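# Structure for this input, please:
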Amino acid sequence: MTHDDRPATSWTRRHALFGCALALGVAIRVVVVVAYRPALLYTDTFSYLTAARTFSLLPDRPIGYSFFMSPFVWGFHSLSTAMFAIQIVQHLIGLGLAVAVYAFLRRRGLPGWGATLATLPLLLDPLELVLEHYILSDLLFAALLVVAVLVLFWNHRPGWSAVAVAGLMISFATLVRGAGTFLAAVFVVALLFLRVPWRRIGAFLLAFIVPVAAYAIAYHHQHGQYSTTSQGPDFLYARIAPIVDCHDPTLQLTGPEKLLCPRLPVGDERLNTNEYRWDATRSPLFLIHTPPGETHEQFVAKFDKAVVRAQPWTYAKAVLKDAARGFAPTRNEQVPGYPSEYWLFQDDYWIGPIDVSAGVHDPIMGKVSADHGAASFMTQYRKFVYMPGPLAALLLLLGLVASLGFGRSRVCGNRVLIGTVTGACVLVLLTGAALSSLSWRYQLPQIALAPMAGALAISALARGRAAGAPERRPAVRPLDRGAALLARLPLSDRLRTTLERATRSGWAQIFVAACLGVAVAVVLTVGAVGSGYFRLGDAALVGLGAGVVAAVLLIVGRTRLVREEAAGDADRPRAAATRPTGS
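Numbers count the residues shown, from 1 in each chain. A predicted model of the protein is given here:
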């Protein structure tokens, strides 16, 4: 072996384990492509196809996925060929995400076996495979979210291009699925904790806002309002209709609004969320007459606000329950209106509920087929190879623990990254549960984000500082900048010294923490009341809780900082005494 061959051989050995896993991922995707042709279809598929052909913005969902589909729809004369090409590209995206996540985790200090384990769900999990094969927006949404994380945290200090690209990815994700509406907040908090300059935070926000604003302007041109969708109230109504107690005396509804109340008592006899949203023969959404002077959406929104305002804890309990059910041990759990069979490989070709009014299904339906042998293999495969829900929940819990700085994770250098991955995953799952019921397709972000968060968290808790992580910079106390400002004022030396001591005292720091807590409580309370979905008492309770948490975190952080400084001061004389003399 020549000297030039050694680096390549060493590289191959370092990544051999992941190479084997990647080969398995490629092989199982070949089986899926052979098993179900040209792709898997669902009701939403045909809506996206129509929008890709006409570029008409849909009132019930953003159509970022249709823009992704349009080159295939316009580039191929046959819709079945276009869909075959789309699912091939989606399978390649899944493989590409696995490679990118593996490279990223190795860069962040994980060993080869640990990074490989974290990518196994992306490579082999049946939910990942089935949604790559569906003509649906879920895979693209998850891919954009993962890319945003990898780009922003590829370097420990993100530059201008990184924050701009991350902002664009989150913006596109928001335009692909409504579940990404609040994701930008998680990334802004991450940038604040990374202490990047304000101008870079502004660049992230600008990159996020511009595509969304352009879409809103186009939506206004077609539908007369600045938005990405106009049927949000209908979705929320369908979410709360199965659980609302219309006999609650605190629920104040006008005569027309009472027509939206389900007539049956709360329980199994009511329609499910999917039926309340789409059943034109039984859902009150389609049977009511909107009062004069109001649009349908305005009228339904008034009902939604009244229900959530009167029964906030009932709604919150239902959301948390559905979010928790997403971590069930298996994915066989049935949800009314969202059967699990749609997201499980079957022995033959299966089709989700088809909306015959879509108008584009006929040329496709006659060309679907399945290879019985390959389909039977995938049916057996999905029974034994999958990531259990409790494992995903445990990995996210470890991510939360590590991001808060417990144990050795306090000095790992990856805490902001771990917190961002964990927070983004949980937020997406909660958003889906808040606006819909549990559907296994909405759990796809677990496949990529939970293993990533768990792998980084385990490494942080077990090893402490990650390989290649920068040295921790001295933390800035809340009033340090104020003290620096005092130094520039035309004050006497005695007064300046007194004020500087006051700003650096423990009581001053506690006062700042209390002020921050009050500010958080006031902002959240005013925002919640102003939204119309919360009464003053409930909003104040939520705001007070958030304010107390913010103040406590700041005080705890300050206490830890003081202890670290004291420990560092104690170590310095010892280090000086043991330092060798001379050059």
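# and T330, helix, strand or coil?
Assigned state for T330: coil (three-state reduction, DSSP: H, G, I helix; E, B strand; the rest coil).
# wait, what's in contact with it?
386, 388-389 (CB atoms under 8 Å, 6 or more residues apart in numbering). For every residue, glycine as well, the C-beta is placed using N, CA and C.
# In ChimeraX, how would I select the buried members of those?
Per 16 or more other CB atoms under 10 Å, the buried members of those correspond to this ChimeraX selection:
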select :386,389
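# Format the contacts of T330 as CSV; extra columns: distance to R14.
Below are these laid out as CSV (distance: CB to CB, whole Å):
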residue, distance to R14
Y386, 29
P388, 30
G389, 33
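# so can I have JSON lines of the contacts of T330 showing secondary structure?
Formatted as JSON lines, the contacts of T330 follow (three-state DSSP):
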{"residue": "Y386", "secondary structure": "coil"}
{"residue": "P388", "secondary structure": "coil"}
{"residue": "G389", "secondary structure": "helix"}
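# Just the closest of the contacts of T330 to A166, please.
G389 (28.8 Å; CB to CB).
# wait, isn't the closest one in contact with E333?
No. G389 lies out of contact with E333 (CB atoms under 8 Å); the separation is 9.1 Å.
# lowest-confidence helix or strand of the chain?
Every helix and strand of the chain was ranked by mean pLDDT, DSSP states H and E. The lowest is helix 480-488, at a mean of 55.
# what are the phi and psi angles of A370?
phi -140, psi 150 (degrees, to the nearest 10).
# so what's it bridging to?
Counting by DSSP bridges, A370 forms beta bridges with Y36.
# contacting residues for it?
35-37, 348-349.
# Now the buried members of these.
Neighbour counting with 16+ other CB under 10 Å marks 35-37, 349 as buried within the contacts of A370.
# Out of these, flag the one nearest to F377.
Among those, and counting by CB to CB, the member closest to F377 is A35, at 7.5 Å.
# ok, back up a step: okay, the buried ones among the contacts of A370 in JSON lines with distance to E275 and pLDDT next?
Converted to JSON lines, the buried ones among the contacts of A370 look like this (distance: CB to CB, whole Å; pLDDT from 0 to 100):
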{"residue": "A35", "distance to E275": "31", "pLDDT": "94"}
{"residue": "Y36", "distance to E275": "28", "pLDDT": "93"}
{"residue": "R37", "distance to E275": "31", "pLDDT": "90"}
{"residue": "Y349", "distance to E275": "26", "pLDDT": "87"}
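# Pull the number of nearby residues for E333.
Neighbour count for E333, taken as other CB atoms under 10 Å: 13.
# Repeat that for I288.
Neighbour number of I288 under other CB under 10 Å is 16.
# again with H296
H296, neighbours per other CB under 10 Å, totals 15.
# Return the distance of the closest residue to it other than its chain neighbours relative to A238.
Distances taken as CB to CB, 6 or more residues apart in numbering place T290 nearest to H296, at 5.0 Å, with adjacent residues excluded. T290 sits 17 Å away from A238, going by CB to CB, to the nearest Å.
# ditto for A216
24 Å.
# Compare neighbour counts for these two and give me the winner.
Legend: neighbour count by other CB under 10 Å for A216 and A238, higher for A238 (25 against 17).
# State whether that one is indeed within a helix.
Yes. Under the criterion used here (three-state DSSP), A238 sits inside a helix.
# what's near enough to touch it?
273-274, 276-277, 283, 285, 436.
# Let's see that with 6 Å instead.
273, 276-277 (CB atoms under 6 Å, 6 or more residues apart in numbering).
# Skipping adjacent residues, who's closest to it in space?
R277 is the one closest to A238 (CB to CB, 6+ apart), at 3.6 Å.
# and what of R53?
V73 (5.9 Å).
# Packing partners of the helix or strand containing that neighbour?
Using DSSP states H and E, V73 sits within helix 64-75. Where contact means 3 or more CB pairs under 6 Å, 6 or more residues apart in numbering; DSSP states H and E, helix 64-75 is packed against helix 43-54, helix 79-107, helix 160-176.
# Just the element for A27, please.
Going by DSSP H and E, A27 is part of helix 16-35.
# So which other helices or strands are in contact with that helix?
Using 3+ CB pairs under 6 Å, 6+ apart: helix 16-35 touches helix 79-107, helix 112-124, helix 372-384.
# mind running it again at 10 Å?
helix 79-107, helix 112-124, helix 126-133, strand 369-370, helix 372-384 (3 or more CB pairs under 10 Å, 6 or more residues apart in numbering; DSSP states H and E).
# Format those as JSON lines; extra columns: distance to A207 and mean pLDDT.
Below are the helices and strands packed on helix 16-35 laid out as JSON lines (distance: least, CB to CB, whole Å; pLDDT from 0 to 100):
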{"stretch": "helix 79-107", "distance to A207": "20", "mean pLDDT": "94"}
{"stretch": "helix 112-124", "distance to A207": "26", "mean pLDDT": "95"}
{"stretch": "helix 126-133", "distance to A207": "27", "mean pLDDT": "96"}
{"stretch": "strand 369-370", "distance to A207": "43", "mean pLDDT": "86"}
{"stretch": "helix 372-384", "distance to A207": "39", "mean pLDDT": "93"}
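# Let me know which of these is tucked in deepest.
Stretch with highest mean neighbour count among the helices and strands packed on helix 16-35: helix 126-133 (a mean of 25; mean count of other CB atoms under 10 Å).
# quick check, distance from it to the centre of its chain.
Taking CA atoms, centre = their mean, to the nearest Å, one finds helix 126-133 lying 18 Å from the centre of the chain it belongs to.
# quick one, that helix and helix 79-107 angle?
130 degrees (axes from the mean of the first three to the mean of the last three CA atoms, to 10 degrees).
# Which neighbouring elements make contact with helix 126-133?
Looks like helix 126-133 contacts helix 16-35, strand 36-37, helix 79-107, helix 112-124, helix 138-153, helix 372-384, helix 444-463 (3+ CB pairs under 10 Å, 6+ apart).
# List the buried residues for the last one?
This points to helix 444-463. Result for helix 444-463 [16+ other CB under 10 Å]: buried residues 444-461.
# Max pairwise distance over the contacts of A370: which two?
R37 and D348 (12.2 Å).
# between the two, what contacts are shared?
Common contact partners of R37 and D348 (CB atoms under 10 Å, 6 or more residues apart in numbering): 369-371.
# Distance-wise, check the residue nearest to H296 relative to A301.
Applying CB to CB to T290 and A301 gives a distance of 12 Å.
# Can you pick out the residue with more neighbours from these two?
Using other CB under 10 Å, the more surrounded residue of T290 and A301 is A301, with 19 against 13.
# Now that one: which helix or strand?
Going by DSSP H and E, A301 is in helix 296-310.
# other SSEs contacting that helix?
Partner elements for helix 296-310 (3+ CB pairs under 10 Å, 6+ apart): helix 232-240, helix 255-258, helix 284-287, helix 312-325, helix 506-531, helix 536-578.
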